[in-house]
Structure formats: structure tokens, C-alpha cells
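Q: what follows is a predicted structure for the sequence shown.
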Amino acid sequence: MKEFQYTVTDPLGMHARPAGLLVKEASSCESSVKIIKGKKSVDAKRIFGVMGLAVKYGERITVTVEGAQEDNEAARLEEFMRDNL
């Protein structure tokens, strides 16, 4: 399992547009992708779960990637988040 932390830098937080893009990106992964905020963990491939986290600007989330391609997919997701969130 690969894990990384990310602090949201988008002034609007993880609102609908970037959350939708994140779900699309996570859905292209073969691995299981989870986002954790505090005590809550959601499947990053499900829009309602991601939106339900209500991640705001400056909040830190943890992303876990588990599967055969976890190294490549975790790196790709981290880069995606830096570019879009």
C-alpha cells in the first residue's frame, strides 16, 4: 500500500468540479484508492463520498492506493492533486 498526504491549496476547497475530476482520475486506476480526512475514509472513485468529506482550503487529507500498480498510480494521483487541487 502506498500513502501520501496532501494539503488542499484551491481557495474554494474540493468543490464539485475538482472533486469530479479527481473521481475520474481515481476511477482510471486499477488499484483501490481511498481518501481519509480525520476519522472518515471514502472510496475516491465515488463522487458522493468525495463530496461528503467537504474538504476545505488548507485542510490535509491522506490518500491510500493499494493494488498491483500502486506505485505508478499513487505518483500519478499526487501529481494530479498538485495540478488541480
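A: Thanks, I have the structure now. Residues are numbered from 1 along each chain as shown.

Q: okay, buried residues for the helix or strand residue 19 falls within please.
A: Residue 19 belongs to helix 16-27 when assigned by DSSP states H and E. For helix 16-27, burial by neighbour count (16 or more other Cβ atoms under 10 Å) applies to 18-19, 22-23, 25-26. The C-beta positions use only the backbone N, C-alpha and C, and glycine is treated the same way.

Q: same question for stretch 32-48.
A: 32-37, 42-45, 47.

Q: any chance of these in JSON lines, with distance to residue 82, secondary structure and pLDDT too?
A: Shown next, in JSON lines, are those (distance: Cβ to Cβ, whole Å; DSSP: H, G, I helix; E, B strand; the rest coil; pLDDT from 0 to 100):
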{"residue": "32", "distance to residue 82": "22", "secondary structure": "strand", "pLDDT": "97"}
{"residue": "33", "distance to residue 82": "16", "secondary structure": "strand", "pLDDT": "97"}
{"residue": "34", "distance to residue 82": "19", "secondary structure": "strand", "pLDDT": "98"}
{"residue": "35", "distance to residue 82": "15", "secondary structure": "strand", "pLDDT": "97"}
{"residue": "36", "distance to residue 82": "18", "secondary structure": "strand", "pLDDT": "97"}
{"residue": "37", "distance to residue 82": "18", "secondary structure": "strand", "pLDDT": "96"}
{"residue": "42", "distance to residue 82": "20", "secondary structure": "strand", "pLDDT": "97"}
{"residue": "43", "distance to residue 82": "22", "secondary structure": "strand", "pLDDT": "97"}
{"residue": "44", "distance to residue 82": "16", "secondary structure": "coil", "pLDDT": "97"}
{"residue": "45", "distance to residue 82": "20", "secondary structure": "coil", "pLDDT": "97"}
{"residue": "47", "distance to residue 82": "21", "secondary structure": "helix", "pLDDT": "96"}
